[in-house]
Structure formats: structure tokens, C-alpha cells
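> What follows is a predicted protein model with its sequence.
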Amino acid sequence: MTPKRLNSNPDPNGQVRLAVVYARVSSKDQEREGFSMPAQLNLLRDYGLHNKLKVAQEFEDVETAKKAGRNGFGQMISFLKKNSACRVLIVEKTDRLYRNIKDWVTMDELGLEIHFVKENVVLSSDSRSSEKFMHGIKVLMAKNYIDNLSEETRKGMLEKARQGIWPSYAPLGFLNVLGTNGKRTIVPDPNLAPIIKYLYEQYSTGKYSLKDVVSIARANGFTYRKSGDPVPISTIHKILRNRIYSGDFDFGGITYHGTYESIVSRELWEQVQIVLDGRGSKKTQGIRVKDQFAFRGLINCGHCGCALVGEIKKGRYIYYHCTGYKGKCPERYTREEVLEKKFMELLKGISFSDEVLTWVTQALRMSHSDQKKFHDDAVIRLRREHKCIQDRIDRMYMDKLDGRIDADFFDRQAAEWRTVQVHILQSIETHLTANQSYIEEGIKLLELARRAHELFENQPANEKRKLLDFVVSNSIWKNGELMAEYRQPFDVLAIAVASDQRTKSLESGRPVENENWLPGQDSNLQPFG
């Protein structure tokens, strides 16, 4: 089943309809040929002219590193809300229009006919459910692609990690400073580091519970740096678990040996892990206690914000309850099976059929062809530029041999041109590798989403926890109801699935399944159950 691509249809009576044009570029876009604001606006104006769409107003956004937000987008929304006669929007392509989920929901509520010029697609309230669903998937892919643009930042952080430098903000107990080599690093906080070391030493004896250690920390004045608030048990637990205090640290799933000064020894850190894991305890019978609780560290109480923790009753029944560290809490004990059912329903919110996966996959590959052509054309153009510069260098070299220019001028000019060539080669490499993997990664994400609830049902507790931590965040339990947010990019996929269900139900006359999953305008924090 392949989604139909629509052509722009003017009013059946031949009347010219009013439309708005929206164009967006970033400062980086403008450095690339064909991505300037004038080029984009000319494309959209020509499209409107040839499709009997009279442009009532144009809205622009130029994003730079110093300028955040989209004033033009906001002005366009206000204009469309005030002018009900204008229900057509012309935009270059999906990723020019949407930057986040709220944008998508906002546009959907306006009931517009949106023309995506470069994608040759027109989307309206009359579009079939398959077309709307496909559009939701393309929003998902566009957002996923935008997220991938941060890869260069992650590469820099990874390189720092490989050098043994902690690549991020200093955790509690450390301070960010400029090292002797001119690179940012971390050093022990003279006020907090001694307390952290003392907490490790006390807990390593096995004589104290986490609650006891919290009391010890507070008695020693252990507070957050900025707010001065007392550090809760959850933070103490993270401190005792975090390898960074031993001089090593985990980054991207790999453990690195740090070049900074540690707060505790590796031996002391390992001893604390043994106590935390309960290794050697007869009660665990070879199974780590923490691995018996599927939702450990994932849920907070909706009344007081404290963590929900698991507890084994009668040797086999697992109940969760609020820690109550902020005082007596009205939230009652909850069986693990109840929470499991709620999370299962949540995961079904991003599931769809094998048939849908098949045609979505085909459509994604087809829609990717235009992007691939852009990169192929760019490579041809850049290789031509590289050869042109090389020809200049060769000709200038002959001029040097013939004495028409001196050696200093040749060396200086050739060095400048070779620098340009290096940048061109880097750009070629970027275009050759761009988008080669993101389609495949996107398809893998879709396959995971489709089967997430099945995987969850059949996995042991620790694997369930990993899956949920990958898909959802900010889970809150209150009065028997679960509220949670999907992580990116599953948040966009959930909206696409819910929208598809709603459209199908309207077409068939059946009630909407999971109606309470449909997103609100301001947040995707939704109740489940």
C-alpha cells in the first residue's frame, strides 16, 4: 500500500484562493547554494502563481546562533486565526514548517490545506488516513534528522572522553575549571568532595542504609551548590553509583579512565557497589535485589514528587509505594502487575500493523530520493570546484617556473587555495555520508515502536526497565493513574498513530481507541489507563 501523492487542485469554480507563504532558513543554510531566503521565496511564489493561489502574505524566519525562536511562525499563526478566508499554506517541505510537536498540533488545529512544494504533496482535512499517517511519519523522520545534526557536538564530547576529560557539566562534588593545557576539565569541590568521600567510607562498611547515609550527609551540611537545598536520597544513591567519583567515568556506554583527580579510590567505589547490589546476601539467592524491580527509578509520586520504590511482600509479591521522604504521602501501595498493565497500554500507543510498516518503509525510501539527488548534485558541483582550484594552482606553478610570479606569492596563494580545497573535500565527505544511515535508523526505530509492547511483555524485569527508559520519561503515578511522556522521536510517532486511529474511527463510525492518548496543544504529558 503506497500513499498517494496529491497534486495542487485549484478551486473547482476556477476562483483564485488566498494563501500564505512561509519560508525558513538558518545561517548555515544560507551558506549552501539554493538555500537562501530569496531562492526559497521565489520557489514558493512561482508555485502559487502556477496553481491559482494568490499570496495574501509572506512570513519569514531566519535562525542564527544568537537569535532563538520563530517570530515569523507566530505571526503567521495569528494571521491565519484572524483571517478565516485564507486556509492555504505554501511551504517548501516538511522540515521547513515543523520544529517540534507543538508546531504540528497547532497547524493541525487550524484545518489548513498545506502545500509541501518540494515533496509534491498537498495535505488537508480531506486527505485519506494513510496520507495523514504518512505525513506524521515524515514529521517523525524530519525531527529525527534534525536531532542528528547534533552529532558533531557529540563527536567533540566523545573525543574529550577518549582523552580522559569529562566532557560535560561537573557533577555534584566537582567543579568545572580551565586546566593547565587550556582545556576545560573538572576538579574536586573543596567543600563537597570531603563529604562525598566520607559518605562512601561509611556506606562501604555495610552498617548503614541509604536513609542513614542521607542523615549523615545532612548532618554534615551536604546541600546543592546553587539552591542550598538538602540533597535527597535519590541523589545520594546516584552519587554512590556514579563511577566518576573513582577517577573513571561512563560516556556513551563506554568506561573511560579519567585524567582528573578522583574523590574516592577505585577499590572504595567497588566496595560500595557490592553493598548496593547486595552481593553475598543470602536473601538475594544469587539475584540482585535491584533487578527484581522492573520500574525501579522510573516513576515519581504525583502527590509529593518523591520516587516510587519496589518492595517484596511475602517473599514473592512486589508492591510499589512512595518513599515519603517529604512527609506522609496519601498515595497507596500498588501491585507491580497494575503498573505493568499501564505501561503496556502506553507502549501500544506507538504500535501499528505490519502492513503499515511495509508501505511506510517504501514511502520513506521514495521520499528520500529528492534528498539523495540534492546530495549527488552537490558532490558533482564540489568536485568541479575542487578541480577548478587545482587547475589554478597548476597554472600558477607554471607561471612561477617561467618567472612571471615569485615563489613567495605562489606559496601564499597556493596555501590559501589548498585550504579551500580541504574544506571542499570535507563538504564532499559530508554529502556522501549524509542521510545514508538515517533512513535505516528511522526504519529500525519504527520496527522497535511497532513491537515495543510485545518485547516489554516477554522480557525480564531489568530488560523491561531498559526498554521503558528508552521510550518514555517523566513517569508519574497518582491515584491509580499513570502519566508519562514519550521520549523523542517516539513522541511524534505517538501523535501519528493516535491521529491515524482517530481518522479511521471517523471514517468507519467506530469509537476511537485510546482516545485519552490524543495530545493536547501545550504538552504531551498524558494520562494512561
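Done, it's in. Numbers count the residues shown, from 1 in each chain.

> I'd like the next helix or strand past the helix or strand hosting Lys160.
Lys160 is located in helix 151-162, with elements delineated by DSSP states H and E. Of the helices and strands lying after helix 151-162 in sequence (DSSP H and E), the nearest is strand 174-178.

> neighbours of Glu416, just the number please.
Glu416 has 11 neighbours, counted by other C-beta atoms under 10 Å. Where C-beta positions appear, they are placed from N, C-alpha and C, glycine not excepted.

> All the strands of the stretch 401-529 of the chain, in order from the start?
For the stretch 401-529 of the chain, the strands defined by DSSP state E, counting those that start in this stretch occupy 472-478, 481-486, 526-528.

> Okay, buried residues for the longest one please.
What it means is strand 472-478. For strand 472-478, burial by neighbour count (16 or more other C-beta atoms under 10 Å) applies to Val472, Ser473, Ser475, Ile476, Trp477, Lys478.

> what residues are up against the second one?
Neighbouring residues of Ser473 by C-beta atoms under 8 Å, 6 or more residues apart in numbering: Ala484, Glu485, Tyr486, Arg487.

> low-scoring stretches of the stretch 401-529 of the chain, by residue?
Low-confidence segments of the stretch 401-529 of the chain, defined by pLDDT under 70: 433-442, 489, 500-501, 503-504, 507-529.

> Going along the chain, name the helices of it.
The residue ranges that make up the helices of the stretch 401-529 of the chain, judged by DSSP state H, counting those that start in this stretch, are 407-433, 438-458, 461-471, 490-508.

> Mind checking those helices for the one nearest to Ile299?
Comparison of the helices of the stretch 401-529 of the chain against Ile299 by C-beta to C-beta identifies helix 461-471 as nearest, at 9.5 Å.

> angle of the closest one against strand 481-486?
Here helix 461-471 runs at an angle of 60 degrees relative to strand 481-486 (axes from the mean of the first three to the mean of the last three C-alpha atoms, to 10 degrees).

> Would you mind giving the secondary structure of Gly310?
Of the three states, Gly310 takes strand under DSSP: H, G, I helix; E, B strand; the rest coil.

> Pretty sure it sits against Glu336.
Yes. Taking contact to mean C-beta atoms under 8 Å, the distance of 6.9 Å between Gly310 and Glu336 places them in contact.

> quick revisit: adding distance to Lys328, write the strands of the stretch 401-529 of the chain out as CSV.
Converted to CSV, those look like this (distance: least, C-beta to C-beta, whole Å):
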stretch, distance to Lys328
strand 472-478, 16
strand 481-486, 21
strand 526-528, 25
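
> quick one: which of the ones you listed is nearest His115?
For these, proximity to His115 was assessed by C-beta to C-beta; strand 481-486 is nearest, at 29.2 Å.

> quick one: that closest one to helix 438-458, angle?
Angle of strand 481-486 versus helix 438-458, following the same axes, to 10 degrees, is 160 degrees.

> what lines up beside strand 481-486 in the sheet?
When pairs are called by DSSP bridges, strand 481-486 turns out to pair with strand 472-478 (antiparallel), strand 526-528 (antiparallel).

> buried sites along that strand?
By neighbour count with 16+ other C-beta under 10 Å, strand 481-486 contains the buried residues Leu482, Met483, Ala484, Glu485, Tyr486.

> who's in contact with Ala452?
When contacts are counted by C-beta under 8 Å, 6+ apart, Ala452 touches Leu347, Ile350, Ser351, Leu467, Val471.

> Just the buried residues out of those residues, in ChimeraX syntax.
The following ChimeraX line selects those of these that are buried, judged by 16+ other C-beta under 10 Å:
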select :347,350,351,467,471
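
> Turn the contacts of Ala452 into CSV, including distance to Arg99.
CSV is the format used below for the contacts of Ala452 (distance: C-beta to C-beta, whole Å):
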residue, distance to Arg99
Leu347, 26
Ile350, 21
Ser351, 26
Leu467, 28
Val471, 22
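
> between the contacts of Ala452, which is nearest Gln40?
The shortest approach to Gln40 among the contacts of Ala452 belongs to Ile350, at 33.2 Å (C-beta to C-beta).

> Val497 versus the closest one, what's the distance?
As for Ile350, its distance to Val497 is 6 Å (criterion: C-beta to C-beta, to the nearest Å).

> before we move on, what about Phe73?
From Phe73 over to Val497 (counting by C-beta to C-beta), the distance is 26 Å.

> Between those two, tell me which one has more neighbours.
For the pair Phe73 and Val497, the greater number of neighbours falls to Val497 (25 against 20), based on other C-beta under 10 Å.

> what residues are up against the more buried one?
Residues in contact with Val497, defined by C-beta under 8 Å, 6+ apart, are Phe133, Gly136, Gly349, Ile350, Ser351, Phe352.

> Ok, Lys54 next?
Going by C-beta under 8 Å, 6+ apart, the list of residues near Lys54 reads Val16, Arg17, Leu18, Ala19, Gly48.
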